[in-house]
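**Q** show me how the following folds:
(2 chains)
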Amino acid sequence: MLAHGELWTVKELFVYPNEFIYWSIQIVMYPFMTGLVAGAFVLSSLYHVFGIKQLKDMARFALVFSFALLFAAPMPIVLHLQFPFRGINVFMTPHFTSAIAAFGVVFFSYGAIVASELWFLYRKHFVEVSLKLREKQDKTLVEWFRYLIFCSLTLGVYDVSEEALHRDEKAIKVLAGVGIPVACFLHGYAGFIFGSVKANALWMTPLMPVIFIMSAIVSGIALCMLTYVIVMEIKKFFAAHKRLSGPGRFPTTEEIKGVEVHVIQMTAKYLLFFMVAAISLELLDLIFRGYTAVKSWDVIRSVIYGKDFTDIFILQYGIGNVIPLILFLLPGLTIRRAVLGTILVLFGVFMMRWNVVIGGQAFSLSFAGYMHYHMPIIPHNWETFKEGLFGAVGIFVMPFVLFWVIAKIFPVFAEARQE
Amino acid sequence: MITRRDFLKNSVLTIAGAALPLAAFEVVDPKKLMAMEASDSSKLRWVFLVDTYKCVGCGMCVKACKLENEVPYDASVTRTWVERYVLTKDGKIWADSPKGARDGFTTSKIDLAADGFEDIKKEDIEKAFFVPKLCNQCDNPPCVQVCPVGATYQAPDGVVLVDRTWCIGCGYCIMGCPYGVRFFHPVYHTAEKCNFCYHRITKGMKTACVDACPFGARRIGNIKDPDDPVTKIIMTERVSVLKEEYGTKPQVFYIGLSKEVK
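**A** Numbers count the residues shown, from 1 in each chain, chains lettered A, B, ... in the order given. A predicted model of the protein is given here:
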């Protein structure tokens, strides 16, 4: 009879009998996904709060995307639980000495902020759509459905006067301002979940929440840039298609491209800034561990410089940090280079999460043995599916599907073009 | 001649009068009394004492524990286990606990897991000993601190318990324990740990491992009782605990613990 984790754990030397890799790929996905949520939100707030005009187009998109990501963020934890349906217990009997217990409070308050900010941002749109549909005679079933949705989304407020809209903007600004610390808290708290585990020598550091926040913003910005480019490419494709098929005013490929390059170059600057902060903190942590060299250092050193060398120094720092840094720092950033850079950055942040979660379990609590993780690829039961490659990929795809659905209600680019 | 009215009146009075002193006596259930005693943390605090000099690594305790607590016999997880330490003359420390030493240490080969086995020659051995391990029922239990739903909790008598009906299986407690005593039960899939055979000790029995140990290497006692032989040893002799640096205040005390013990 196999114990949980035995399937994907290979032990080496002296490991306690009950030790296995209990926190597997889904726990790698959890901070990765919440990081994307927080990062996307911070990016959108840069425009709303600090008035960085160049990010206007990106801000709206980032906020909607953050909302889509928000629904996907708790999914890895739920899939990881031995009893997914008991997950609700965390809200029913939260035991507040536990970092995880605060999840409900943090998650819902953050969700409420994003939802209300979105509402203020799209209120005008809801009113316009519902009024248009109301006037329309003989609605089809789909239109009735749309009408019902948009009608309820207006929450009965149809005042779209200049004055009301101005108040909306103010509210957005306040919400975005409040949202930044809450978003940072959402993710810093994910870092705290790891950083506060005193039994784990690799995790326990007060720097963990800060490192998590910085890398979260990096990954969020990178994902927004990447998705933005993809969406723009699709738009370009359709614009070209439409111009061929019929008359009317459609933006030319060059127009779209011009906007695209500008937005990407601006966003890349912020990406660089947060990347430098994240790398500095991570290196500080590493140097500090080596310098203080407490009891656990021997085993941690053998993991960092030995067992996990490729994962940490080649994949995370090399491919995930150094190469994209060079790509973004070279003058004359092109879209193609930015796409490659953002993909590498995302990969780097994912590897950082991997090296924290899996790396933290790569050595035994005895400090005299090691554990190796072999992620299940081909699932042969529910457990190897949800805690394997397919489960992780499913979680990663989820926000994009959600975004596609949500963008039907919150049009991300159409409106931006009208303005 | 007594009237019917008087008869009823007097009957009620008699019954009421007789019932009153009876009510003053509470029917005492011995079990309830014991439970009350147990919940008084000033009178009872379970502790454990391991004499490593007496342990020969037979694994009877592990076997007894698995059977008593219905932890699947063939699963590699276990509530208690025995570690073997072998120090060679070249200064190397070898340690293993194959299957938690369920079947005892029947070979001189050290189990290095994925790295195979290491047969150490008798003449190379400087010293060797066994160390039984179990939950430390810490006074400051990190597993209780990190449980997000309160499914694991500390009883007033110090024992840390798990509520199988409420545990969500997040594994945070397993991560939080520096001693590696927790695991997921292969059948119930909830967090599982040694609870000093709570179902036995609350009925005045000893734990299964204590009863199974042929050499008296394991003992359980009440540290709040000054006459308890275990308490006397802990108070008067030189004992130590595991991984004190984590601040968990472990309550399993060891006689003859060597610095090599992980």
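**Q** when you work out contacts or count neighbours from here on, use the C-alpha atoms and nothing else.
**A** Fine.
**Q** can you pull the pLDDT of the residue of the stretch 251-400 of chain A found nearest chain B?
**A** Nearest to chain B in the stretch 251-400 of chain A, going by Cα to the nearest Cα, is A:Ser366, at a distance of 5.0 Å. On pLDDT, A:Ser366 comes in at 96.
**Q** secondary structure element for it?
**A** Assigned by DSSP states H and E, A:Ser366 falls within no helix or strand.
**Q** compute the number of surrounding residues for the closest residue to it other than its chain neighbours.
**A** Closest residue to A:Ser366 apart from its sequence neighbours, by Cα to Cα, 6 or more residues apart in numbering or on different chains: B:Lys262 at 5.0 Å. Counted with other Cα atoms under 10 Å in any protein chain shown, residues neighbouring B:Lys262 total 18.
**Q** B:Lys262 contacts A:Ser364, correct?
**A** No - at 10.0 Å, B:Lys262 does not count as touching A:Ser364 under the criterion of Cα atoms under 8 Å.
**Q** look at B:Ser42 and say how many residues are nearby.
**A** Neighbours of B:Ser42 (other Cα under 10 Å): 12.
**Q** nope, A:Thr227 is what I meant
**A** 18.
**Q** gap between it and A:Ala102?
**A** Going from A:Thr227 to A:Ala102 by Cα to Cα, to the nearest Å gives 31 Å.
**Q** can you pull out the low-pLDDT segments for the chain?
**A** No chain was given, so I picked chain A. Along chain A, the model assigns pLDDT under 70 to residues A:245-252, A:413-419.
**Q** nope, chain B please
**A** Short version for chain B, where the test is pLDDT under 70: B:23, B:35, B:37-39.
**Q** run the last query once more with 80
**A** For chain B, the stretches flagged by pLDDT under 80 are B:1, B:20-41.
**Q** quick one, helices of it?
**A** For chain B, the helices defined by DSSP state H cover B:4-24, B:30-39, B:60-68, B:142-146, B:172-176, B:198-201, B:208-212, B:229-236.
**Q** give the contact list for residue 54.
**A** By default, I'm working from chain A. By Cα atoms under 8 Å, 6 or more residues apart in numbering or on different chains, the residues touching A:Gln54 are A:47, A:263, A:266.
**Q** oops, I was thinking of chain B
**A** B:215-217.
**Q** just the closest of the residues you listed to B:Thr3, please.
**A** B:Gly216 (76.4 Å; Cα to Cα).
**Q** in this structure the closest one contacts B:Val210, no?
**A** Yes - using Cα under 8 Å, B:Gly216 is in contact with B:Val210, at 7.3 Å.
**Q** what's the separation between A:Ser215 and A:Tyr370?
**A** 27 Å.
**Q** who's more crowded, the two?
**A** Each of A:Ser215 and A:Tyr370 has its neighbours counted (other Cα under 10 Å); A:Ser215 has more, 31 against 25.
**Q** how far off centre is stretch B:119-139?
**A** 20 Å (Cα atoms, centre = their mean, to the nearest Å).
**Q** what does stretch A:49-59 give?
**A** 19 Å.
**Q** quote the end-to-end distance of it.
**A** 11 Å.
**Q** again, but for stretch B:94-110
**A** Using Cα to Cα, the two ends of stretch B:94-110 sit 7 Å apart.
**Q** that stretch close to chain A?
**A** Yes - judged by Cα under 8 Å from any Cα of the partner chain, stretch B:94-110 comes into contact with chain A through B:94-100.
**Q** show me how far that stretch is from its chain's centre.
**A** The answer for stretch B:94-110 is 22 Å, by Cα atoms, centre = their mean.
**Q** and for stretch B:180-195?
**A** The answer for stretch B:180-195 is 13 Å, by Cα atoms, centre = their mean.
**Q** do the same with stretch B:55-62
**A** Here stretch B:55-62 is found 16 Å from its chain centre; the criterion is Cα atoms, centre = their mean.
**Q** likewise for stretch A:202-215?
**A** The answer for stretch A:202-215 is 16 Å, by Cα atoms, centre = their mean.
**Q** mind listing what's buried in that stretch?
**A** Of the residues in stretch A:202-215, A:202-205, A:207-215 count as buried by neighbour count, 16 or more other Cα atoms under 10 Å in any protein chain shown.
**Q** circling back to that earlier point, mind putting the contacts of A:Gln54 into JSON lines with neighbour count?
**A** Formatted as JSON lines, the contacts of A:Gln54 follow (neighbours: other Cα atoms under 10 Å in any protein chain shown):
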{"residue": "A:Tyr47", "neighbour count": "20"}
{"residue": "A:Val263", "neighbour count": "19"}
{"residue": "A:Met266", "neighbour count": "14"}
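**Q** give me the subset of those lying in helices.
**A** A:47, A:263, A:266.
**Q** how about these in a markdown table, adding distance to B:Ala18?
**A** Formatted as a markdown table, these follow (distance: Cα to Cα, whole Å):
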| residue | distance to B:Ala18 |
| --- | --- |
| A:Tyr47 | 84 |
| A:Val263 | 93 |
| A:Met266 | 93 |
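**Q** just curious, which of those residues is nearest to A:Phe400?
**A** If you rank the ones in helices among the contacts of A:Gln54 by distance to A:Phe400 using Cα to Cα, A:Val263 comes first, at 21.0 Å.
**Q** returning to what we had before: among the ones in helices among the contacts of A:Gln54, which one lies nearest to A:Met232?
**A** Nearest to A:Met232 among the ones in helices among the contacts of A:Gln54, with distances taken as Cα to Cα, is A:Val263, at 11.1 Å.
**Q** for that closest one, which residues are in contact?
**A** A:Val263 touches A:54-55, A:57-58, counting by Cα under 8 Å, 6+ apart.
**Q** who wins on neighbours among those?
**A** A:Met58 (27 neighbours).
**Q** contact partners for it?
**A** Neighbouring residues of A:Met58 by Cα under 8 Å, 6+ apart: A:44, A:224, A:228, A:263.
**Q** out of the residues you listed, which is nearest to A:Glu12?
**A** Nearest to A:Glu12 among these, with distances taken as Cα to Cα, is A:Cys224, at 41.1 Å.
**Q** gap between that closest one and A:Phe67?
**A** In terms of Cα to Cα, A:Cys224 sits 12 Å off from A:Phe67.
**Q** and the strands in chain A, which stretches?
**A** Taking DSSP state E to define them, one finds strands in chain A at A:9-13, A:369-373.
**Q** quick one, the first one and strand A:369-373 angle?
**A** What it means is strand A:9-13. For strand A:9-13 against strand A:369-373, the angle by axes from the mean of the first three to the mean of the last three Cα atoms, to 10 degrees is 160 degrees.
**Q** export strand A:9-13 as CSV, just CAs?
**A** Listed next in CSV are the C-alpha coordinates belonging to strand A:9-13 (Å, rounded to 0.1, in the frame of the first residue of the first chain):
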residue,chain,number,x,y,z
THR,A,9,9.3,10.6,-4.3
VAL,A,10,12.7,8.9,-4.5
LYS,A,11,14.6,8.9,-1.3
GLU,A,12,18.4,8.9,-1.0
LEU,A,13,20.5,8.2,2.2
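**Q** I appreciate the help and will end here.
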